[in-house]
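Trainee: Sequence first, then the predicted structure, then my questions.
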Amino acid sequence: MTLGLSIIEQLTRARGDLRMGVPVMLAGDGALLVVAVEALSAQRLADLRGFGPLEVALTARRAQTLKVAAYDGDLVRLAVPEDAGMDWLRALADPADDLRYPMKGPFVSLRDGAADLHRAALLLAKSAPLLPAILAVRVPDVALAGITRLSVSAILPELGRASPLHAVSAARLPMAVAGMGRVHVLRPEDGGPEHYAIEVGRPDRSAPVLARLHSACFTGDVLGSLKCDCGPQLQAALAKMGAEGAGILLYLNQEGRGIGLANKMRAYSLQDQGFDTVEANHRLGFEDDERDFRLGADILRGLGFGAVRLLTNNPAKIAMMQAMGVEVVERVPLRVGQTAQNAAYLATKVAKSGHLE
Ligand SMILES: Nc1nc2c(ncn2[C@@H]2O[C@H](COP(=O)(O)OP(=O)(O)OP(=O)(O)O)[C@@H](O)[C@H]2O)c(=O)[nH]1
Ligand SMILES: [Zn+2]
């Protein structure tokens with residue numbers, strides 16, 4: 001009898017490995033042993049040197065900041081010099097000190113062969129969610145004791161799709177501004193964060209429902225940050241649902257537009273140095289927005305909602321709902337919480353991210 005792991009189980013384990021700094025083997029055209037630079041230890045770096053010449057994979061976004069030509073389109077592979085240590089690798093991955101100690105080349109970009117394994121490693125790091133910077137070494141495709149081995153052709157489709165969600169539990173909740181509601185907890189199959197759906201009142205499934213897709217913002221929702229408008233948007237959405245007597249609010253755990261709180265704080269630190277919200281994400285190696293809004297549509301349909309009046313200023317959310325078969329019969333603007341401290345942030349979202357004023 002065997003207890004083989006499914007692809008999703010292997011992926012979940014691999015994310016945990018990456019976060020711990022444990023190497024993962026990616027197999028396809030050959031094999032790579034990969035470690036997230038962010039989680040690397042000096043001992044592991046020394047151990048990996050024993051396997052052969054080391055490489056680093058970065059996204060083209062990060063490469064642009066480092067002024068390295070990206071020959072593989074969306075990513076770059078760099079040779080790691082033999083005398084390069086932890087500080088060199090960390091500075092490649094993390095832009096915290098880019099301005100104080102600009103990294104100097106010459107960087108040696110690698111162009112031989114395909115970069116599919118590196119690409120998969122970067123996707124995996126983003127989904128972990130860790131900085132997209134990977135230390136890699138080519139190895140023979142043979143099992144290594146204790147090391148998770150992933151077939152890239154098997155994991156790529158999984159990394160590209162929203163994991164199915166399952167309702168775990170639900171209960172009634174009286175809320176200050178929304179009145180009586182019902183909180184549903186939804187758990188993805190892939191070990192990722194749970195999401196929440198909050199039904200306000202008793203929404204009628206046969207008519208368009210007032211809906212809000214809210215992405216988690218610890219700083220705004222909990223701390224009352226003045227740097228963004230999330231907290232006031234959350235409260236205003238709940239208040240409007242309360243006033244109308246019905247609505248559905250999805251609280252999606254996609255902190256920092258999908259990059260996670262640790263990376264969002266890295267982005268805030270870059271913003272303290274003068275970069276705007278989009279530039280900061282790019283310097284870290286991320287896209288402006290790493291969220292997957294398919295998730296929201298999946299949850300709405302799962303709860304029986306096929307048409308919404310969507311509270312948003314973000315056309316990308318509307319487009320994704322429509323594309324995923326949830327009809328948006330109306331966009332309900334949500335303009336609240338403007339402060340002196342978030343005026344530039346909101347202006348950047350209008351200028352660069354297509355947000356409606
Ligand atoms: N990376 C990053 N994320 C941020 C920053 N400021 C806020 N966020 C995150 O952005 C998300 C908030 O976006 P939302 O309010 O859901 O959506 P939106 O795209 O602004 O669209 P609407 O509010 O619906 O108009 C939350 O996940 C916040 O944590 C920032 O400067 N950098
Ligand atoms: Zn916020």
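Mentor: Here it is on my side, so go on. Ligands and ions are numbered 1, 2, ... in the order given.

Trainee: Residue 9 and residue 128, how far apart?
Mentor: Residue 9 is 16 Å from residue 128, where distance means CB to CB, to the nearest Å. Glycine gets a C-beta too; all of them are placed from N, C-alpha and C.

Trainee: Over to residue 163?
Mentor: Residue 163 sits 14 Å away from residue 128, going by CB to CB.

Trainee: between residue 9 and residue 128, which one's more packed in?
Mentor: Higher neighbour count among residue 9 and residue 128: residue 128, with 20 against 13, using other CB atoms under 10 Å.

Trainee: Can you tell me the closest non-neighbouring residue to the more buried one?
Mentor: The spatially closest residue to residue 128, leaving aside those adjacent along the chain, is residue 15, at 4.7 Å (CB to CB, 6 or more residues apart in numbering).

Trainee: which element is that neighbour on?
Mentor: For residue 15, the enclosing helix or strand under DSSP states H and E is helix 7-20.

Trainee: Check the offset of that helix from the chain's centre.
Mentor: 16 Å (CA atoms, centre = their mean, to the nearest Å).

Trainee: Show residues contacting it.
Mentor: Counting by CB atoms under 8 Å, 6 or more residues apart in numbering, helix 7-20 makes contact with 5, 23-24, 34-36, 39, 124-125, 127-128, 130, 148, 150, 154-155, 158-159, 163, 189-191, all of which sit outside it.

Trainee: and these, which of them are in strands?
Mentor: Applying DSSP state E to the contacts of helix 7-20, the entries found in strands are 24, 34, 35, 36, 150.

Trainee: Can I get the residues you listed in TSV including pLDDT, neighbour count and distance to ligand 2?
Mentor: Converted to TSV, the ones in strands among the contacts of helix 7-20 look like this (pLDDT from 0 to 100; neighbours: other CB atoms under 10 Å; distance: CB to the ion, whole Å):
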residue	pLDDT	neighbour count	distance to ligand 2
24	98	25	32
34	98	28	32
35	98	27	31
36	98	27	26
150	96	25	34
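
Trainee: So which of those residues reach ligand 1?
Mentor: The subset of the ones in strands among the contacts of helix 7-20 within reach of ligand 1, by CB under 6 Å from any ligand atom, is empty.

Trainee: Tabulate those residues (JSON lines), appending distance to residue 57.
Mentor: Shown next, in JSON lines, are the ones in strands among the contacts of helix 7-20 (distance: CB to CB, whole Å):
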{"residue": "24", "distance to residue 57": "13"}
{"residue": "34", "distance to residue 57": "8"}
{"residue": "35", "distance to residue 57": "11"}
{"residue": "36", "distance to residue 57": "11"}
{"residue": "150", "distance to residue 57": "15"}
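
Trainee: what's near enough to touch residue 50?
Mentor: Under the criterion of CB under 8 Å, 6+ apart, residue 50 has no neighbours.

Trainee: Just give the number of residues close to residue 348.
Mentor: 16.

Trainee: ok, it to ligand 1 distance?
Mentor: Look at residue 348 and ligand 1: by CB to the nearest ligand atom, to the nearest Å, they are 9 Å apart.

Trainee: my read: that residue touches residue 280, true?
Mentor: No. With contacts counted by CB atoms under 8 Å, residue 348 stays clear of residue 280, the gap being 10.1 Å.

Trainee: Leaving out sequence neighbours, find the closest residue to the spatially most central residue of the chain.
Mentor: The centroid of the chain falls nearest to residue 258 when counting by CA atoms, centre = their mean (3.0 Å). In space, and not counting its chain neighbours, residue 258 is closest to residue 290: 3.4 Å by CB to CB, 6+ apart.

Trainee: Verify the contact between the one you found and residue 259 for me.
Mentor: Yes. Using CB under 8 Å, residue 290 and residue 259 qualify as a contacting pair, with a distance of 5.5 Å.

Trainee: shared neighbours of the two, anything?
Mentor: Common neighbours of residue 290 and residue 259 (CB under 8 Å, 6+ apart) are 126, 129.

Trainee: Quick one: low-confidence residue ranges for the protein.
Mentor: Low-confidence segments of the chain, defined by pLDDT under 70: 1.

Trainee: so how far is residue 11 from residue 315?
Mentor: Distance, residue 315 to residue 11, using CB to CB: 31 Å.

Trainee: out of the two, which sits in the busier spot?
Mentor: residue 11 (24 against 13).

Trainee: Tell me how far the more buried one lies from residue 22.
Mentor: To residue 22, residue 11 is 14 Å away according to CB to CB.

Trainee: And for residue 151?
Mentor: On the measure of CB to CB, residue 151 and residue 22 end up 18 Å apart.
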